[in-house]
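In: Build me a model:
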Amino acid sequence: MNNSFPGRIDPVFSTLEPAAVWAHFSALCRIPRQSKAEGGLRDEIQNWALARGLSATVDAAGNLLLRKAASRGMEEAPGVVLQAHLDMVCEKNTGSAHDFSRDPIQPLCRDGWLLAEETTLGADNGIGVALILAAFADDSLTHGPLEALLTVDEEAGMGGAHGLQGGLLQGRLLLNLDTEEWGEFYLGCAGGLDVNVHRDGRAEALPAGFTAWRIDLRGLRGGHSGIDIDAERGNAIKLLVRVLRDLESRFPLRLAELNGGSARNALPREASATLAVPVRDGDALAASLVAWQSLLREELRGVDEALEIDFTAASVEEVMSPGDQFIWLASLAAAPHGVRRRSLSVEGVVETSNNLGMVAITPSRGGCNFMVRSLIESGSSALADEIVALFALSGTAAEKAGHYPGWTPNPASPLLALCQSVYWRQFGAESTVQVIHAGLECGLIAARYPGLDMVSFGPTIRGAHAPGERVEIESVGRAWQLLTAILAAVGAGAASDASDASDDLLRVRVAESMA
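Out: Coordinates of the predicted model:
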């Protein structure tokens, strides 16, 4: 038996229930799992599964596929695929020395939540992975044939789901465990794509009599660029560009660098600029920044009033040409960010949005990234085309890339009816059905497996994609209770009449449970 995974549980998890779920999440906190660098974790899990006598294979895209035989008497039940992604968004606060490539996440418990203070926690989607591994580890559970699809590179472009081949999965039902609001079943999600912008520049020497300064705008909450896009939180890039545009109207300002954001699917929390002004204007520049800090704090009161603008001396040798500076600042000021349109068919849900997530510009070259989402294909295409057209006005290259489809809701889903019925029996309350303005892998999986019936659920997670990310401990236990009950219900439907076809068995079980 492989003893390295999940290994010794961190003391912070020692009193949490269900113990098996938290033991696996403890291991995930210990093992680095940046997007595109999940191989070490995947190998640990594969070796663990093989040591337990499970089937464990890696496909051409790097995804891990586990299989577990049905419980005795449940062999004829519809096969269930449990799905989650191995990677996490790696965000940390300024000043944190944490290295996501080698350092373990440092979680703590507070007021019923598990959180990481200085970094992301990785509950998105580590809790989903932990739930799946706990199910595969527990031989006392009742279930039909089980598969686990643990994908890679979800957060940086859904590379694993894009590379998933047809014909690998045998199950007829899929439970995605990558949503963040307990009590809701998700039946659809937004699709989207990226717009990547690039422009070469012409560097110029620092003018004589100019002195360099660095401006840091920080202290914003950030968050998930889909789920939190309508929360009216500040975008550090857009705010700093606004400040710079005002400063260049007041002073003969020369910009040297502009940087902001660190993940395409996270709201930018921090941005910085290095610039130069005549020596005589240093004090006036500082006073302007103090005024801007007060103004922006007032504008963002109740949302992001912790915003700070720092002003320190710097050293530069080159600055952007006036033409390049004008194009970048004007284009970024004009570029869309935020909610474009709310859905007219799904109440309370954003239909189309865009996140200006990253920018990195120097005197000789620069680039930025926009992540566009929409519940309808034409919505994301139209907004992406608008961004491309904006930059085309200045001859700046902008290319669309990384398209992924949305997940079209099926309100008549038999699996959804079963899940809602089980939820009612377990918790004595109604669940809700929702469509999420975020990218789940269900859309890509559905394109490869069009007959797969899919539902998504999970525990309550707050602040995903930002430092301070937290998961509600009680909701993890409830998610485990629900998952195991659904698996038993699917299996029990088959055991009640082994002569029926799989689809009919599921429908019979749903009808009985709803009666």
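
In: All the strands of the stretch 251-400 of the chain, in order from the start?
Out: 254-260, 266-267, 271-278, 308-313, 318-320, 338-342, 350-361, 365-374, 397-404 (DSSP state E, counting those that start in this stretch).

In: Tell me the strands beside the longest one, with direction?
Out: In the sheet, strand 350-361 lines up against strand 254-260 (antiparallel), strand 338-342 (antiparallel), strand 365-374 (antiparallel) (DSSP bridges).

In: mind listing what's buried in the shortest one?
Out: What it means is strand 338-342. Residues 338-340 are the ones in strand 338-342 that count as buried (16 or more other CB atoms under 10 Å). Placement of C-beta: from N, CA and C, glycine included.

In: ok, back up a step: dump the strands paired with strand 350-361 to a markdown table, plus mean pLDDT and distance to residue 9.
Out: Shown next, in a markdown table, are the strands paired with strand 350-361 (pLDDT from 0 to 100; distance: least, CB to CB, whole Å):
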| stretch | mean pLDDT | distance to residue 9 |
| --- | --- | --- |
| strand 254-260 | 98 | 38 |
| strand 338-342 | 96 | 42 |
| strand 365-374 | 98 | 36 |
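
In: Between those strands, which one is closest to residue 83.
Out: When the strands paired with strand 350-361 are compared by CB to CB, strand 365-374 sits nearest residue 83, at 20.3 Å.

In: relative to strand 397-404, how tilted is the closest one?
Out: 40 degrees (axes from the mean of the first three to the mean of the last three CA atoms, to 10 degrees).

In: Alpha carbons of strand 365-374, as CSV, please.
Out: C-alpha atoms of strand 365-374 as CSV (Å, rounded to 0.1, in the frame of the first residue of the first chain):
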residue,chain,number,x,y,z
ARG,A,365,7.0,45.4,-26.0
GLY,A,366,3.7,44.9,-24.3
GLY,A,367,0.7,42.7,-24.0
CYS,A,368,-2.5,42.2,-22.2
ASN,A,369,-5.2,39.5,-21.8
PHE,A,370,-9.0,39.7,-21.8
MET,A,371,-11.2,36.8,-20.8
VAL,A,372,-14.7,37.0,-22.3
ARG,A,373,-17.6,34.9,-21.1
SER,A,374,-21.2,34.4,-22.2
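
In: That one: which residues count as buried?
Out: Within strand 365-374, the residues that count as buried by 16+ other CB under 10 Å are 366-374.

In: Report pLDDT for residue 157.
Out: pLDDT recorded at residue 157 is 89.

In: again but with residue 508, I slipped
Out: 41.

In: Residue numbering should commence at 500 henceforth.
Out: In the new numbering, first residue 500, that becomes residue 1007.

In: coming back round to it: in a markdown table, list the strands paired with strand 849-860 along with distance to residue 707.
Out: Below are the strands paired with strand 849-860 laid out as a markdown table (distance: least, CB to CB, whole Å):
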| stretch | distance to residue 707 |
| --- | --- |
| strand 753-759 | 12 |
| strand 837-841 | 42 |
| strand 864-873 | 25 |
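
In: okay, now residue 654: neighbour count?
Out: Counted with other CB atoms under 10 Å, the neighbours of residue 654 add up to 25.

In: which stretches of the stretch 850-999 of the chain form helices?
Out: When secondary structure is read from DSSP state H, counting those that start in this stretch, the stretch 850-999 of the chain shows helices at 876-891, 913-926, 941-947, 972-994.
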